[in-house]
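**Q** Structure for this input, please:
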Amino acid sequence: MSQSFFEKELILLLKSNYPIIYINSCEEERLESYLRKLVHTNLNYSLYSWDFIQGYTGNPNDSGFAANNPLQALDLIENLVIDNSALILLKDFNLFLKDLAVQRKLRNIFQILKTQSQTLIITAVEVNIPLSLREIITVIDFPLPGEIEIRKELNQFFSFTETKIDPFIFNRLISACQGLSIERIRRVISKIFVQYGEFSEKSLESILIEKKQIISQTQILEFYPNQETINDIGGLVNLKKWLNRRSGAFSDKAKRYGIPTPKGLLLVGIQGTGKSLSAKVIANEWSLPLVRLDIGKVFGGIVGESESKMRQVIQVSEAMAPCVLWIDEIDKAFSGIESKSDSGTTARVLGTFITWLSEKKSSVFIVATANNITALPIEILRKGRLDEVFFLGLPNIKERELIFQVHLEKIRPKSWLRYDIPLLSQLTEKFSGAEIEQVIVEGMHIGFSNNLEFTTQNIIHAINQFVPLADTYKDQIQILQEWVSSGRIRNASEEIYE
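**A** Numbers count the residues shown, from 1 in each chain. Reported below is the predicted structural model:
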């Protein structure tokens, strides 16, 4: 949500006399400053502000009223007699919503506010609303600072410190700061200034470190360092071509050209076909940070917690932009959504995620992987949510040769040519890339246990003892191949008939 959209939405809600608005933000100071400016500039409103320690502040008649008493804080609203409209700002009031007396009081006040030009605004760092209050509370998110606000903040800093900065680095700095709160921007800019005394490409790394710290605090997302290159992928020619064509799509040049920011990919196929490896390669090849989402950790036990966590995932991902967000095994989270007896939590989380995919303007490239495409809700597969769906099937004979070469070249860089790769490729017709790596490792163990260098014959022995996963998932592979043949999804590999 952009700040201009937030402002339009908030003004619309206020003019439409919405009684209770819940604003989700980690920037309390900036939000309160924004609201004060809004009511004085665009609206003829009075503003009352309350927190648990100080009570009401800003109005001499009510100063200190209801300190340490959230229930009494609501009494002011019942007794407030003013001629003009008013906003009553209750900070961190979400912490008291579980109290049954507070819930009843809010429901009573809701009836009063509907007939008056007063609006109650609850501010909180997370969305956690009891079921009994959901019908009377409207939730909106306060967006992080946009480019204009960041530019203004940086200009103030450079003016105050009398620091000169190259225009190119200045624009890079603005881009790097997008997704951070104003407070974090101030801290990291001050840190760069103290540490380096100047602003350069190298000093911008401090901002990435700050973003990594944000990720580590979520316990849902993980910053995933990786060294994999496109040469580590054996085969998948069509996928590689697609990625190479979009390698510069996040650049300023691409923006000036008018190319929309790529949204993401869904990679489907049985385990071991290279889906996770492809996610790592995309980030490395495009020089973007890789953030991994453990989708299972999104779902919490408290009502409203899961939706709040998904909002947090979206906000933190956008703080890392441009980046690659890797969602591994997304099918496990959203499979059988119609039959799940979780009071609609999964459906609401999916709705939040789908809405973000459709409306996303930030440079967050999604790489979702799935083993079973038939378990996914059809909403995820609709065009416009993601750019493309690729099927990563079992490698064909040429790809198997490349996979054997990649792995053997890594472990025996000087002698890999002495292995009979064409023969090994013929013997592993139903093997995935991961299974090919596994039989090489097993062949190494055979050679090592005999105090000999492992040979082609050792690998063949391992192949003969191995039962590939494809034998278990015949029906699933057949369904995916039919989807490819019908044109519903794209084959990541070139068609080669063996």
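**Q** okay, how far is it across stretch 247-262, tip to tip?
**A** 10 Å (C-alpha to C-alpha, to the nearest Å).
**Q** Tell me the buried residues in it?
**A** For stretch 247-262, burial by neighbour count (16 or more other C-beta atoms under 10 Å) applies to Ala249, Phe250, Ala254, Thr261, Pro262. Every C-beta, even on glycine, is put in place using the N, C-alpha and C of the backbone.
**Q** now for those residues, which pair is the farthest apart?
**A** Ala254 and Pro262 (9.5 Å; C-beta to C-beta).
**Q** on that earlier part again, closest one of the buried residues of stretch 247-262 to Leu95?
**A** Taking the buried residues of stretch 247-262 together and measuring to Leu95 by C-beta to C-beta, the closest member is Thr261, at 37.6 Å.
**Q** Could you look up the SS state of that closest one?
**A** Look at Thr261: counting by DSSP: H, G, I helix; E, B strand; the rest coil, its state is coil.
**Q** Use 323 as the first number for this chain going forward.
**A** That works, and once the first residue is 323, the last one we named lands at Thr583.
**Q** That one touches Ser685, doesn't it?
**A** Yes - taking contacts as C-beta atoms under 8 Å, Thr583 lies within contact range of Ser685: 5.2 Å.
**Q** domains for this protein, by residue range?
**A** Domain assignment for the chain by automatic domain parsing gives 325-463, 469-538, 545-713, 719-751+755-789.
**Q** would you list those in CSV and tack on distance to Arg810?
**A** Output for the domains of the chain, formatted as CSV (distance: least, C-beta to C-beta, whole Å):
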stretch, distance to Arg810
domain 325-463, 34
domain 469-538, 35
domain 545-713, 8
domain 719-751+755-789, 22
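**Q** Which among the ones you listed is found nearest to Gln798?
**A** Across these, closest to Gln798 is domain 545-713 (C-beta to C-beta), at 6.4 Å.
**Q** Can you measure across the closest one, start residue to end residue?
**A** End to end - C-alpha to C-alpha - domain 545-713 spans 26 Å.
**Q** and that domain, average pLDDT?
**A** Average pLDDT, domain 545-713: 85.
**Q** and if you look at stretch 735-752?
**A** On average, stretch 735-752 scores 95.
**Q** now could you export just the CA positions of that stretch as CSV?
**A** Taking Å, rounded to 0.1, in the frame of the first residue of the first chain, the C-alpha atoms of stretch 735-752 are listed here in CSV:
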residue,chain,number,x,y,z
PRO,A,735,38.2,-31.9,-11.3
LYS,A,736,41.3,-33.4,-12.9
SER,A,737,40.0,-36.9,-13.6
TRP,A,738,36.3,-36.7,-14.2
LEU,A,739,36.7,-37.6,-17.9
ARG,A,740,37.8,-41.1,-17.1
TYR,A,741,34.2,-42.0,-15.9
ASP,A,742,31.9,-43.5,-18.6
ILE,A,743,29.3,-40.7,-18.3
PRO,A,744,27.2,-41.8,-21.4
LEU,A,745,26.8,-45.3,-19.9
LEU,A,746,25.9,-44.0,-16.5
SER,A,747,23.3,-41.7,-18.1
GLN,A,748,21.7,-44.6,-20.0
LEU,A,749,21.4,-46.6,-16.7
THR,A,750,19.7,-43.8,-14.8
GLU,A,751,16.6,-43.2,-17.0
LYS,A,752,14.2,-42.7,-14.1
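**Q** Buried ones in it, by neighbour count?
**A** With burial defined by 16+ other C-beta under 10 Å, the residues of stretch 735-752 counted as buried are Trp738, Tyr741, Ile743, Leu746, Ser747, Thr750.
**Q** out of the domains of the chain, nearest to Leu802?
**A** When the domains of the chain are compared by C-beta to C-beta, domain 545-713 sits nearest Leu802, at 5.3 Å.
**Q** Figure out how far that closest one is from the centre of its chain.
**A** With C-alpha atoms, centre = their mean, to the nearest Å as the basis, domain 545-713 stands 8 Å off its chain's centre.
**Q** Can I get the buried residues of stretch 569-584 in TSV including distance to Arg812?
**A** Output for the buried residues of stretch 569-584, formatted as TSV (distance: C-beta to C-beta, whole Å):
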residue	distance to Arg812
Ala571	18
Phe572	22
Ala576	22
Thr583	20
Pro584	15
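**Q** Okay then, goodbye and thanks.
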